[in-house]
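>>> How does the following fold in three dimensions:
(chains A and B)
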2 protein chains.
Amino acid sequence: MRAAIIAVGSEMLGPTRLDTNSLKITAALEDFGIEVVRKTIVGDRLDDLAAEIEFSLSRAGLLITSGGLGPTEDDLTREALIRALGLKSEIDQSIVDHLETRFRARGWSMPEVNKKQATVFPGHETLANERGTAPGFHLNVRGEDIWVFPGVPSEFEWMLATYFVPWLEKTIGGRTRHRRVLKIAGMGESAVEERLAPYYAAHRDELLTILASPGGVELHVTADGPPDSARAMVAEREKELREIFGRRIFGADEDTIESVIGEVLASRGETLSAAESCTGGLFSSRITDVSGSSRYFMGGAICYTGAAKIAMVDVDPEMIRQNGEVSEPVAIAMAEGARRRFNTTYGVGITGIAGPTGGSEAKPVGTVHIAVAGAERHEHRKFFWPGTRAHVKWFSTQSALDLLRRFVIKVDS
Amino acid sequence: MRAAIIAVGSEMLGPTRLDTNSLKITAALEDFGIEVVRKTIVGDRLDDLAAEIEFSLSRAGLLITSGGLGPTEDDLTREALIRALGLKSEIDQSIVDHLETRFRARGWSMPEVNKKQATVFPGHETLANERGTAPGFHLNVRGEDIWVFPGVPSEFEWMLATYFVPWLEKTIGGRTRHRRVLKIAGMGESAVEERLAPYYAAHRDELLTILASPGGVELHVTADGPPDSARAMVAEREKELREIFGRRIFGADEDTIESVIGEVLASRGETLSAAESCTGGLFSSRITDVSGSSRYFMGGAICYTGAAKIAMVDVDPEMIRQNGEVSEPVAIAMAEGARRRFNTTYGVGITGIAGPTGGSEAKPVGTVHIAVAGAERHEHRKFFWPGTRAHVKWFSTQSALDLLRRFVIKVDS
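Numbers count the residues shown, from 1 in each chain, chains lettered A, B, ... in the order given. As a prediction, this is how the structure comes out:
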């Protein structure tokens, strides 16, 4: 089976936005061995969009579209489907009622334009959208399957998982590609590649992809074939890779370093707090991105000044005077102070210079001290992350999470 | 003039890579007022690629392609151009000599396959590539312009700057498009659209794009034409839009709501602190994303438990007992407690239920109370943001930033 993808929206034809929804579709299609032959981004013009739909169906028997289902005049996917495929449409009053209820729940009245989102195509399946206002569609026209999804990524992903993947499962009869993603923290992409040289030499014709991501380096191991043998093959390679990287591999597939830390803490009934300077709350925010984090995260102090470090987590003013706010002893005192103030098993302290101003020759922008404190010991690391402010903040939290993870599971760095 | 873009390469049809070259082209085209009607990514198959070229030229008079000019069997752009456009080709010996010299300079001999890169199309312009081995082409077929570039980003960008932009300059006679982005907070996309109805009616044939982004709703006002009149036109429209939306417009172009708040606080020598519960540090992290925020942001407390709210920002335990942690008085007490503890001009308090667990009938997941406190007054708003945890966190910070912005500039909601 050949598939085509259309992303609808003029904003993705400008210099600032890319279509990222298609990555989720291609991943799903790859799992089932379906070849993607083209992806297109088309603007909000009815004739362009209708022509694109027709041409796509001349090249592929499966078409997936995202976007253009909003309530505004620019949202023309429904109209283009009608024109390209000769569909009939009507307004579904039950969807209008549902939309009105949704708006009322927020204390708003539904704008008249939103009624357009209650359009359905009789004889074709309407896909209820539990994450937003625009329903999607599964059309079958002249034997070709057309899936129509909203473009908002959270809605799009929910629809893909809820409707599209189960349909693939049923239609194709099971995944033909098996994939395992192993996630590595605390190493750069080229260091990972170097350590993989013997593995590559041993498995020359197999597919292993190394991917740098904000959350670390990912190894994508894939094998095609009958489920049992493909699964066994992937498991075998995972074992080899775990021997190479050991505890540098912090998790697999959907794991994040935050979720892995959370699982360990929750399972042990242990707790966590933080005192942050240069990361400005980003560390605590990442920890609390994990559902259920209120079981183990008690709180944190963001201490953007010396006075706040003294008042909120009891750093000794004399220590700051002698070492400066960005220093090893202050990072440790912050970790210990947070631990004491919030009465937690572990405390994390982060102090550094996010820039672009505030650096000096001795402590340039990007200098960051990170400490983790427990009941009986603490650990400290100094990092240097040159780059933009966002870069320094992100990699400081990434390093702090990895230091914490290894401290908690008692793995030496 | 209408333009289409094709990126060639199967690797961009998988789940890990996007086409980013097209962003550079769209930026160049926008500057000259050329509308991009579609962008396509197509794999390394001759019939797919040839069909794509033909279809693109049926939709647009200017076509730009990138990729597929390498020396391997997968590199089929030249063959596809021959098939789609009926071109004649030959091997240019001077290019073969040049390639051989290039290889020799590195101490290698040229692989036979590389000869393919010396293919030219008599009667059409060949574009020398000083950054790599593959020349590009500028074809003119039946009055339509086709630009063919290599896909390696460094080579692609060099060619764009060296050949394509000067051609645009000459053909169009100078940059023609002027743009202004106005940013709105505290209103949804459809509410913005509704309020724009009279504007739309008055300026039917002009381009105004409404774009929902995580940071609010954006209005993109553009005008084409000679620089002076286009600029004047954009300024005139901006004035009209500011009359419609007033202080709902928080900034323009590169502004973020965080940076706008920062500018006001810094210019007045005022300061800020925060006490966060359900947002877990994200509010403070967004505030500190702004370079120079250490001038006005003193710090914050993340209070994920009742005990932390009591200990870190002095919320009265009796108040929590009577109202619950997620309530108006607690949000106000948090804002005032942060303000006092950090000794700042303003304090922000956020308390809510991020979910997916922890909700009740009276206080469902997504219920959020936000307060801002100053020396003489405070403001409170209750919000309801149903959705995922990430959604609740993000929109809570967005609402808090907007409430703070309007509190600081003393605009009534």
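>>> how much space is there between the closest residue to A:Tyr296 other than its chain neighbours and chain B?
Of all residues not flanking A:Tyr296 in the chain, A:Leu265 sits nearest, at 4.0 Å (Cβ to Cβ, 6 or more residues apart in numbering or on different chains). C-betas here are computed from N, CA, C, even on glycine. For A:Leu265, the distance to chain B equals 13 Å [Cβ to the nearest Cβ, to the nearest Å].
>>> before we move on, what about A:Ile82?
Where chain B is concerned, A:Ile82 sits at a distance of 20 Å (Cβ to the nearest Cβ).
>>> For that residue, which residues are in contact?
By Cβ atoms under 8 Å, 6 or more residues apart in numbering or on different chains, A:Ile82 lies in contact with A:88-89, A:121.
>>> Ranking by neighbours, what's the top pick from these?
A:Phe121 (20 neighbours; other Cβ atoms under 10 Å in any protein chain shown).
>>> Go ahead and confirm it touches A:Phe137.
Yes. The pair A:Phe121 / A:Phe137 is scored as a contact, 6.3 Å apart, by Cβ atoms under 8 Å.
>>> Which of the contacts of A:Ile82 sits closest to chain B?
When those are compared for distance to chain B (Cβ to the nearest Cβ), A:Ser89 wins out at 20.3 Å.
>>> List the contacts of the closest one.
A:78, A:82, A:119-122.
>>> Just the ones in strands from those residues, please.
In strands, defined here by DSSP state E, the members of the contacts of A:Ser89 are A:119-120.
>>> just the contacts of A:Ser89 now: which is nearest A:Arg286?
A:Arg78 (38.9 Å; Cβ to Cβ).
>>> any idea of the pLDDT on the closest one?
If you check A:Arg78, the pLDDT there is 97.
>>> Report the mean confidence score over stretch A:26-36.
90.
>>> A:Arg17 and B:Trp394, how far apart?
In this view, A:Arg17 and B:Trp394 are 18 Å apart by Cβ to Cβ, to the nearest Å.
>>> One more: A:Glu258?
A:Glu258 is 16 Å from B:Trp394, by Cβ to Cβ.
>>> Settle it for me: which of the two has more neighbours?
A:Glu258 (21 against 18).
>>> Provide a list of residues in contact with the more buried one.
Here A:Glu258 is in contact with A:286-287, A:289-290, A:401 (Cβ under 8 Å, 6+ apart).
>>> Turn those residues into a markdown table, columns for secondary structure and distance to A:Leu62.
Formatted as a markdown table, those follow (DSSP: H, G, I helix; E, B strand; the rest coil; distance: Cβ to Cβ, whole Å):
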| residue | secondary structure | distance to A:Leu62 |
| --- | --- | --- |
| A:Arg286 | helix | 37 |
| A:Ile287 | helix | 41 |
| A:Asp289 | coil | 34 |
| A:Val290 | coil | 36 |
| A:Leu401 | helix | 40 |
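>>> Most neighbours among the residues you listed, please name it.
A:Ile287 (29 neighbours).
>>> Test for you: state the pLDDT assigned to that one.
The model's pLDDT for A:Ile287 equals 98.
>>> Correct me if wrong: it contacts A:Met298.
No. Assessed by Cβ under 8 Å, A:Ile287 is found out of contact with A:Met298, at 10.6 Å.
>>> Quickly list what's touching both of these two.
Listed contacts common to A:Ile287 and A:Met298 are A:Leu272; contacts here mean Cβ under 8 Å, 6+ apart.
>>> where along the stretch 301-413 of chain A do the helices fall?
Remark: helices assigned in the stretch 301-413 of chain A by DSSP state H, counting those that start in this stretch are A:306-313, A:317-323, A:328-341, A:389-408.
>>> before we move on, what about the stretch 101-250 of chain A?
Using DSSP H, counting those that start in this stretch, helices in the stretch 101-250 of chain A cover A:153-159, A:165-168, A:189-195, A:197-202, A:227-245.
>>> Format the ones you listed as CSV; extra columns: mean neighbour count, mean pLDDT and distance to B:Met312.
As requested, those are exported to CSV (neighbours: other Cβ atoms under 10 Å in any protein chain shown; pLDDT from 0 to 100; distance: least, Cβ to Cβ, whole Å):
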stretch, mean neighbour count, mean pLDDT, distance to B:Met312
helix A:153-159, 19, 94, 32
helix A:165-168, 16, 96, 44
helix A:189-195, 14, 84, 40
helix A:197-202, 10, 90, 49
helix A:227-245, 14, 94, 40
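>>> could I get the ones you listed as JSON lines with distance to chain B?
Shown next, in JSON lines, are the helices of the stretch 101-250 of chain A (distance: least, Cβ to the nearest Cβ, whole Å):
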{"stretch": "helix A:153-159", "distance to chain B": "6"}
{"stretch": "helix A:165-168", "distance to chain B": "13"}
{"stretch": "helix A:189-195", "distance to chain B": "13"}
{"stretch": "helix A:197-202", "distance to chain B": "18"}
{"stretch": "helix A:227-245", "distance to chain B": "16"}
